[in-house]
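A.B. asks: Model the structure of this input:
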Amino acid sequence: MPRLNEPTPETGRAQVAPMKIAIFARRTGSLTRSPEPQCDRFRTAALDRGHEVRDADVGAFIRGDVDVVVGGAILIGGVRVDDVDAVILGPLPGPAARTTPPGLEVSAEAHALLTTQQYERHVLAWSIVGELEARGIPVLSSPSKARPLDFKPAQLLALARAGLPVPRTRITRGLGVSDDVDWLQKPIAGGPVVTLGTTAMPAIQQPRMRGCDLRAVVVGDEVVAVARFPGDDDVVDLRQRPAFVDGSACWEREDNERVAVLARAAAQVCCCDFAAVDLKMGRRQSDHLTILEVNRTPVVIDIEDDLGAPITQRFLDLVEERAR
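C.D. replies: Okay, here's the model as predicted:
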């Protein structure tokens, strides 16, 4: 294991012996999906610090290029990952496949096969990550603690139980809600907002939140950046705002200690070592803050670049600390 020495005059941080870091991310792109930009930035920074990076290509689960010896070596795409000092997780295969992209029609039998194959990739990927953690390898963020809070209902319930401000929420079929409230309906497992009452399935129902969009980046116990996206409108998802899509506006620094306090607490509730906490600030009351979501594998290179925040360096500091 790497040992901590005295801080160097050049960097002001402790010099750490080279270590082996496995990064689970897409290394092979496609027409619709490219390698992970956030993990690419972590990878570059780790190499710059002299560490050995093991690229665990998540695409290997799709190709079937995975070899697990129970009680022994684990190889993903020919890369061994069970003898490393730390693991950084990007998005892993989800439980459900997008089996009918535009322009493609499949039979019921093919659809069932694709669905089964995707679920098996999902089970295998998370089983491997859980095994690495069980063997004592630090995984950021811990799958045994953080992953259950990826489920939106579980996250909302946990945040509310901790006394943190979340939107007024009801999970139901859409019956008995007030007509004088502009309700939104969100799928339980994530996805686009749909019109209230258009599904017979239970859904997450919340009033439309109006105000400016805030995002706080938390690394370990430190809030490294708090950013505000300029202006506000009634678009539900920040990513749908024209200024965000075309890049005509940049994140701005937000000096609000209460945002930092709430973001740190939310990341702790969700057991995240690295998180982006999305909040709304009320139009009339700047102290009226609501936590919308805690993201465990966020892409925040835009905030890092716009604000000049040392997100990547703080994260690598944390990886080195955990690996010790």
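
A.B. asks: Could I get the full set of strands for the stretch 51-200 of the chain?
C.D. replies: Using DSSP state E, counting those that start in this stretch, the strands of the stretch 51-200 of the chain run over 52-57, 66-68, 74-76, 79-80, 86-89, 139-140, 170-172, 183-186.

A.B. asks: what would the ones you listed look like in a markdown table with mean pLDDT?
C.D. replies: Shown next, in a markdown table, are these (pLDDT from 0 to 100):
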| stretch | mean pLDDT |
| --- | --- |
| strand 52-57 | 96 |
| strand 66-68 | 98 |
| strand 74-76 | 98 |
| strand 79-80 | 98 |
| strand 86-89 | 97 |
| strand 139-140 | 96 |
| strand 170-172 | 88 |
| strand 183-186 | 82 |
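
A.B. asks: Tell me who's in contact with residue 306.
C.D. replies: Residue 306 sits next to 227, 250, 251, 252 when contact means C-beta atoms under 8 Å, 6 or more residues apart in numbering. Where you see a C-beta, it was placed from the backbone N, CA and C, and this is true even at glycine.

A.B. asks: how about a cut-off of 6 Å?
C.D. replies: Applying C-beta atoms under 6 Å, 6 or more residues apart in numbering to residue 306 gives the contacts 250, 251.

A.B. asks: Quick check: it vs residue 254, distance?
C.D. replies: The gap separating residue 306 from residue 254 is 12 Å, by C-beta to C-beta, to the nearest Å.

A.B. asks: same check, this time on residue 64
C.D. replies: Residue 64 sits 46 Å away from residue 254, going by C-beta to C-beta.

A.B. asks: When the two are compared, which one has more neighbours?
C.D. replies: The neighbour comparison of residue 64 against residue 254 (other C-beta atoms under 10 Å) goes to residue 254, with 19 against 10.

A.B. asks: can you map out the helices along the stretch 1-150 of the chain?
C.D. replies: Using DSSP state H, counting those that start in this stretch, the helices of the stretch 1-150 of the chain run over 37-48, 59-63, 108-134, 143-146.

A.B. asks: Export those as a markdown table, with columns for mean pLDDT.
C.D. replies: Shown next, in a markdown table, are those (pLDDT from 0 to 100):
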| stretch | mean pLDDT |
| --- | --- |
| helix 37-48 | 95 |
| helix 59-63 | 93 |
| helix 108-134 | 93 |
| helix 143-146 | 93 |
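
A.B. asks: Export the ones you listed to CSV and append columns for distance to residue 154 and mean neighbour count.
C.D. replies: Shown next, in CSV, are these (distance: least, C-beta to C-beta, whole Å; neighbours: other C-beta atoms under 10 Å):
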stretch, distance to residue 154, mean neighbour count
helix 37-48, 24, 18
helix 59-63, 25, 18
helix 108-134, 16, 15
helix 143-146, 11, 18
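
A.B. asks: for those, which one sits closest to residue 18?
C.D. replies: helix 37-48 (9.8 Å; C-beta to C-beta).

A.B. asks: remind me which residues of the stretch 201-324 of the chain are low pLDDT?
C.D. replies: 232-236, 239-240, 242-243, 246, 248, 284-287 (pLDDT under 70).

A.B. asks: all helices for it, in order.
C.D. replies: Applying DSSP H, counting those that start in this stretch to the stretch 201-324 of the chain gives helices spanning 242-245, 257-269, 301-307, 311-323.

A.B. asks: For residue 311, give its distance to residue 298.
C.D. replies: 10 Å.

A.B. asks: Kindly report the same for residue 161.
C.D. replies: Counting by C-beta to C-beta, the gap from residue 161 to residue 298 is 23 Å.

A.B. asks: who has more neighbours, the two?
C.D. replies: A direct count of neighbours by other C-beta under 10 Å for residue 161 and residue 298 places residue 298 higher, at 20 against 9.
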